[in-house]
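Asks: The following comprises the amino acid sequence and a computationally predicted model.
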Amino acid sequence: MTLTRRDFARIGALGLAARFVPSALAQSNDRKTGYAVIGLGRIADHFMRGVRNTTNSKITALVSGHRDKAEKIAAQYGVASGSIYSYENFDEIAKNPAVEAVYVALPNSMHAEYTIRAAKAGKHVLCEKPMCLNVAEAEAMIAACKKANVKLMIAYRCHYEPTNLKAVKLIRDGALGQVQSIESPFGFNIRAGEWRLSKKLAGGGPLFDVGIYSLNACRYLTGEEPAQISAYASVIDKDGRFNEVEENVGWTMRFPSGIVASCTTTYGANMPGYFRVYGSKGWLQVDQAFVYEGLRLRGEFEGTKLDELNPARDPSHFQAEADHFSHCVQNGLEPQSPGEEGLRDMRYITEIYRTAGISI
Ligand code: NAD
C-alpha cells in the first residue's frame with residue numbers, strides 16, 4: 001500500500017502535514033546529511049540500517065563507551081576512526097564538519113543531556129522517544145535547540161509510517177462517520193536486569209516506553225488534544241522487577257469533541273500493540289500498529305470491507321524517519337514531530353501518573 005501524491009496533499013490539507021512527503025518525491029539532489037549516532041544499542045542498529053537505505057542521509061560518526069564495538073560498526077558503515085567519540089570527548093563533535101545531525105539512542109535519562117550538548121555543538125537533533133524524563137527537561141531541550149538555531153525532532157516512527165497514515169486519512173475523510181471511541185493496548189513481558197526497570201534511567205515503567213505509542217496514536221487519530229485524563233496503575237508480580245517502576249497502567253482520555261479513548265500498557269504480559277477506532281459508520285483497526293513490520297489494516301464501514309497487510313519490512317520505518325529529518329534539515333523545514341510534540345506527551349504522561357497516584 002502506497003500513498004499517492006494526492007493522498008499526501010490531502011493529508012496536508014487535513015491538518016496533518018504535507019511534510020510527510022518522503023524526500024524521494026520532494027527533491028532530487030545528491031546531498032546526504034551526516035549523522036552521529038549516540039548510543040550503539042538495539043534501536044541504533046535499526047536506525048543505521050534504515051539510514052543506509054535512504055538517498056539523503058549517511059552515518060558519519062559514532063558515540064559509544066565501548067571503543068571495540070564502535071570500531072566494528074564504523075567499519076560496516078564507512079565511518080572514519082577519527083569520527084568515533086566517547087561520552088567524555090563528545091563535545092569535540094562541534095569541530096567535525098561531516099556531522100550535521102545527531103541521533104540520540106540512549107536510555108531516556110540521557111536524552112536531555114545529549115540533546116543539549118549536541119545543540120551547543122551546533123548539530124541538529126533527532127532524539128528517540130520518550131523525549132526525556134519530565135516537562136522541565138523537555139522545555140530545556142526545546143530552548144537549547146532554538147537558541148542554537150538547530151532542528152529538534154522526536155523519533156515518533158509512526159508519524160512517517162504508511163499504514164498509520166492511511167488510518168488517519170480514512171478517519172479525516174469521514175469514512176467512519178463521527179468517531180466515538182478508541183481502544184489501544186501495548187506492552188511486553190520484560191526481562192529482569194533491563195535499564196528500563198530503573199526509575200533513574202527510564203523515568204517510569206511501560207507508559208514511558210511503550211504506552212506512549214498508544215497515547216500518541218490517540219492524539220494523531222483524533223487530531224485533538226486530551227481534555228481530561230484519568231488513570232490507574234498497579235504492580236502484580238512481586239519478583240523484584242517492579243521495585244522502582246509500575247508494572248501496569250490503564251488510562252482513559254476524553255477529547256474536546258467527546259471522543260473517549262481507553263489505553264493500557266504493561267511490562268508483565270506480551271500485549272501486541274494495536275488501535276481500534278469506532279465511528280458512527282463503522283470501525284477500523286491497525287494490528288501490530290507500533291512494531292517494525294507486519295502492520296495490518298482492517299475495517300468495515302459503509303459497505304467497504306478492508307483487510308490490508310503492509311508488506312514493508314524493517315528497517316523501512318527508520319528509513320522514512322531519517323529521510324524526513326534530513327529533508328527538513330536540507331530544506332529549512334520544521335519536522336512533523338518536533339520537540340513540542342514530545343513535550344505534549346510528557347505533559348500527558350505526567351497527568352496520567354498524577355491521577356494514578358505516582359510521582360515522577
Ligand atoms: P539499549 O539498551 O539496546 O541501548 C542503549 C545504549 O545506550 C547502549 O548502547 C548502551 O551501551 C548505551 N548506554 C550508555 N549509557 C548507558 C547506561 N547508563 N545504561 C544503559 N545503557 C547505556 O536500548 P534501546 O532499546 O536501544 O533504547 C534506547 C532508546 O531508544 C530509549 O530511549 C528507547 O525508549 C528508545 N527506543 C525506541 C524505539 C522505537 O521504535 N522508536 C524502540 C526501542 C527503543
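Replies: Arrived safely. No experiment lies behind these values; they were computed from the predicted model shown.
Asks: Ramachandran angles for residue 96?
Replies: With angles defined as degrees, to the nearest 10, residue 96 sits at phi -100, psi 100.
Asks: What does the pLDDT read for it?
Replies: Residue 96 carries a pLDDT score of 98 in this model.
Asks: same question, residue 178
Replies: 98.
Asks: Who's the closest spatial neighbour of it, skipping the chain neighbours?
Replies: With Cβ to Cβ, 6 or more residues apart in numbering as the criterion, residue 178 has its nearest non-adjacent residue at 4.5 Å, and that residue is residue 280. Placement of C-beta: from N, CA and C, glycine included.
Asks: can you check residue 268 too?
Replies: Closest to residue 268 by Cβ to Cβ, 6+ apart is residue 247, at 4.8 Å.
Asks: on that earlier part again, from memory the residue nearest to residue 178 sits against residue 181, does it?
Replies: No - if you go by Cβ atoms under 8 Å, residue 280 and residue 181 don't touch, sitting 11.0 Å apart.
Asks: And the next helix or strand past the helix or strand where residue 35 lies?
Replies: In this assignment (DSSP states H and E), residue 35 forms part of strand 33-38. Per DSSP H and E, the first helix or strand lying C-terminal to strand 33-38 is helix 42-52.
Asks: can you give me the angle that next one makes with strand 33-38?
Replies: 170 degrees (axes from the mean of the first three to the mean of the last three Cα atoms, to 10 degrees).
Asks: got a pLDDT number for the residue of the chain most remote from its centre?
Replies: No residue in the chain has its C-alpha farther from the mean C-alpha position than residue 303, which lies at 34.1 Å (Cα atoms, centre = their mean). Model confidence at residue 303, given as pLDDT, is 92.
Asks: For the stretch 1-150 of the chain, list the residues in contact with the ligand, please.
Replies: 39, 40, 41, 42, 43, 65, 105, 106, 107, 108, 128, 129 (Cβ under 6 Å from any ligand atom).
Asks: Check this structure for the residue nearest the ligand and tell me.
Replies: Nearest to the ligand in the chain, going by Cβ to the nearest ligand atom, is residue 41, at a distance of 1.8 Å.
Asks: Against residue 321, how distant is that residue?
Replies: Distance, residue 41 to residue 321, by Cβ to Cβ, to the nearest Å: 17 Å.
Asks: Who has more neighbours out of those two?
Replies: Legend: neighbour count by other Cβ atoms under 10 Å for residue 41 and residue 321, higher for residue 321 (30 against 13).
Asks: show me the contacts for that one.
Replies: If you count contacts by Cβ atoms under 8 Å, 6 or more residues apart in numbering, residue 321 has them with 47, 50, 126, 155, 157, 160.
Asks: Show me the shaky parts of this structure.
Replies: Applying pLDDT under 70 to the chain flags residues 1-29.
Asks: mind giving me the domain split of it?
Replies: Domain assignment for the chain by automatic domain parsing gives 19-157+318-336, 161-310+344-356.
Asks: how far does the longest one sit from the chain's center?
Replies: It refers to domain 161-310+344-356. 13 Å (Cα atoms, centre = their mean, to the nearest Å).
Asks: Next one: the longest helix along the chain, is it in contact with the ligand?
Replies: Assignment by DSSP state H gives helix 339-356 as the longest helix of the chain. No - residues of helix 339-356 are not located near the ligand by Cβ under 6 Å from any ligand atom, the shortest gap being 11.3 Å.
Asks: likewise stretch 306-318?
Replies: No - judged by Cβ under 6 Å from any ligand atom, stretch 306-318 makes no contact with the ligand; its nearest approach is 7.3 Å.
Asks: Okay, buried residues for that stretch please.
Replies: Under the neighbour-count criterion of 16 or more other Cβ atoms under 10 Å, stretch 306-318 has 306, 310, 312, 315, 316, 317, 318 buried.
Asks: again, but for stretch 167-184
Replies: Quick answer for stretch 167-184 (16+ other Cβ under 10 Å): 167, 168, 169, 170, 171, 172, 175, 176, 179, 182, 183, 184.
Asks: and the residue nearest the centre of the chain, what is it in contact with?
Replies: With distances taken as Cα atoms, centre = their mean, the residue of the chain nearest its centroid is residue 156 (2.1 Å). Residue 156 makes contact with 129, 216, 337, 341, 342 under the criterion Cβ under 8 Å, 6+ apart.
Asks: Tell me the buried residues within these.
Replies: 129, 216, 337, 341, 342.
Asks: Show me which of these is closest to residue 325.
Replies: Residue 325 lies nearest to residue 337 out of these, by Cβ to Cβ, at 9.3 Å.
Asks: ok but residue 224 is inside a helix, no?
Replies: No - counting by DSSP: H, G, I helix; E, B strand; the rest coil, residue 224 is not found in a helix; it is coil.
Asks: Quick check: it touching residue 258?
Replies: No - in this structure, residue 224 is not within contact of residue 258 by Cβ under 8 Å, at 9.9 Å.
Asks: Give me the more crowded residue out of these two.
Replies: Taking other Cβ under 10 Å, residue 224 and residue 258 do not tie; residue 224 has more neighbours (18 against 12).
Asks: got the phi/psi numbers for the more buried one?
Replies: With angles defined as degrees, to the nearest 10, residue 224 sits at phi -130, psi 160.
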